[in-house]
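Participant: below: sequence and its predicted model.
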Amino acid sequence: METILIVDDEKNYPPIISAVLENEGYETLAAYSGYEALERLNDSDVDLVITDMKMPKMDGITLLEKIKQKNSELPVILMTAHGTVEKAVEAMKKGAYNYILKPFDNERLILYVKKANAMYQVIKENRRLRDTVKSRFSFENIIGKSKAMQDIFEIIRKIGPASATVLIEGESGTGKELVAKAIHYNSSRNDKPFIAVNCSALAENLLESELFGHEKGSFTGAIAMKKGRFELADGGTLFLDEIGELSQNLQVNLLRVLQEKVFERVGGVKQITVDTRIVAATNKKLKDEVVFGRFREDLFYRLNVLHITLPPLRERSEDIRLLVDHIIKKYADERKSDTPVIGVDQEVERLLYDYDWPGNIRELENVIEQSMILCPGETITVSDLPKYFKNNMYDNHFFHRIPEDAKLNDTLSEIEKQMIERALRLKNNVHSDAAELLGIGKSGFSKKLKKYGMN
């Protein structure tokens, strides 16, 4: 719903114009001076300003100039009497969208408003597309050649064009928001906003306002009307991260929006209708949260129409090399050195494969970024790795994962098999190179492949 600010020092004009425009489905705000109008613009989301030309202290042209300094793209329509048409034309040269003569015809006013709003919506969308390059969220930039990730790509291709809600589950750092953006930008809504909100980052009352907006005076500090994320994402996609942290009250409110597509702002009574696709994400298993009574079952089924489970990095270790190369390229421009980092040495690669990655891709990115800063040459070595990573790496996690009743020969065979698989991955399935990496001869390597059925 577009919001229009009406500015006029004559007390009767804003209510009259408001009645006309609200009947057309617009939301209106009123200001009775240029200074009050600027305060409104600071505190509220406004899509159009209609201002009188002749006002004391700050006239319409001065107000126009100040508005353009703050937001050069916000359209402004000037109201003027016959005697000031010349000034209105001057204002058009300074960036006014249009002017209308008092007393005006309602239909002409509505026509101007509709055209100005349509233009501004296009401008805002172009701005959004400039800020977020769509290709950044193509499949090619979600890194992964593993079967698990190829399956994820196939799911995104299938569910992208739909409008049904999507639930993404996965550990922290697995790339849930990136997948949500890929879903949005591979859908028919890709020319509309993608709005994200972290449900765990705000207290309940603040999160309610953030999601649904609030009216002026609805609570302490609500000095002006504010649109919520649902309104801002109208026509597009709203990404609700950490959905499992929602309070019971907000779960009820969200369920209503999903069912009825309407809500009220905090402190408001007017019903607002939106067409917003919900993509939710959580690092919890929501089905378990339902069983324990912490998450509403009806809301779970509303969210879980389409489902994606992202694998942790330890279950897709064949993607680590690709991810490392991608991260090095990403931070190459930020590295303040005459010697660019181009890769990691073999020992580092082994350590990266062997590590559990509790923080998943986010942790891997952190490790590589730090190592690039510490690395004096072109290749990251063990000495360049962050201290915490080396400490964790050499804590011998693998030993603690071995069951207490494990048999020695079976365990050694499993370790040998995993080392062979890793060597083959590291050497792109070239057997002679993998044998050399393991320090064994080609014939011995072939026997082991046959032993484990890996021919």
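Facilitator: Done, it's in. Numbering: from 1, shown residues only.

Participant: count the neighbours of residue 304 for me.
Facilitator: Neighbourhood size, residue 304 [other CB atoms under 10 Å]: 16. No exception for glycine: its C-beta is placed from N, CA and C like everyone else's.

Participant: the nearest residue in space to it that is not next to it in sequence: which element?
Facilitator: Of all residues not flanking residue 304 in the chain, residue 167 sits nearest, at 4.6 Å (CB to CB, 6 or more residues apart in numbering). In the assignment (DSSP states H and E), residue 167 maps to strand 166-169.

Participant: C-terminal to that strand, what's the next element?
Facilitator: helix 176-185.

Participant: which element follows that next one toward the C-terminus?
Facilitator: That would be, after helix 176-185 and using DSSP H and E, strand 194-198.

Participant: could you give the average pLDDT over the helix or strand just after that following strand?
Facilitator: As assigned by DSSP H and E, the chain's next helix or strand after strand 194-198 is helix 204-212. Averaged over helix 204-212, pLDDT sits at 91.

Participant: pLDDT below threshold where in this structure?
Facilitator: Applying pLDDT under 70 to the chain flags the ranges 82-84, 126-141, 334-337, 393-402, 455.

Participant: please enumerate the helices of the stretch 301-450 of the chain.
Facilitator: Counting by DSSP state H, counting those that start in this stretch, the stretch 301-450 of the chain has helices at residues 320-331, 346-354, 360-374, 387-393, 397-401, 408-426, 431-438, 442-451.

Participant: just give me how far the last one sits from the chain centre.
Facilitator: Translated: helix 442-451. 49 Å (CA atoms, centre = their mean, to the nearest Å).

Participant: from here on, call the first residue 46.
Facilitator: That works, and once the first residue is 46, the last one we named lands at helix 487-496.

Participant: buried residues, the longest helix along the chain. List them.
Facilitator: The longest helix of the chain (DSSP state H) is helix 151-176. Buried residues in helix 151-176, counted by 16 or more other CB atoms under 10 Å: 154, 157-158, 161-162, 165.

Participant: helices or strands up against that helix?
Facilitator: Packing contacts for helix 151-176, counted by 3 or more CB pairs under 8 Å, 6 or more residues apart in numbering; DSSP states H and E, involve helix 58-67, strand 93-97, strand 121-125, strand 143-146.

Participant: quick check: residue 210 vs residue 229, distance?
Facilitator: According to CB to CB, to the nearest Å, residue 210 stands 13 Å off from residue 229.

Participant: overlap in contacts, the two.
Facilitator: 322, 324 (CB atoms under 8 Å, 6 or more residues apart in numbering).

Participant: more crowded one of these two?
Facilitator: Neighbours were counted for residue 210 and for residue 229 using other CB under 10 Å; residue 229 has more, 26 against 19.
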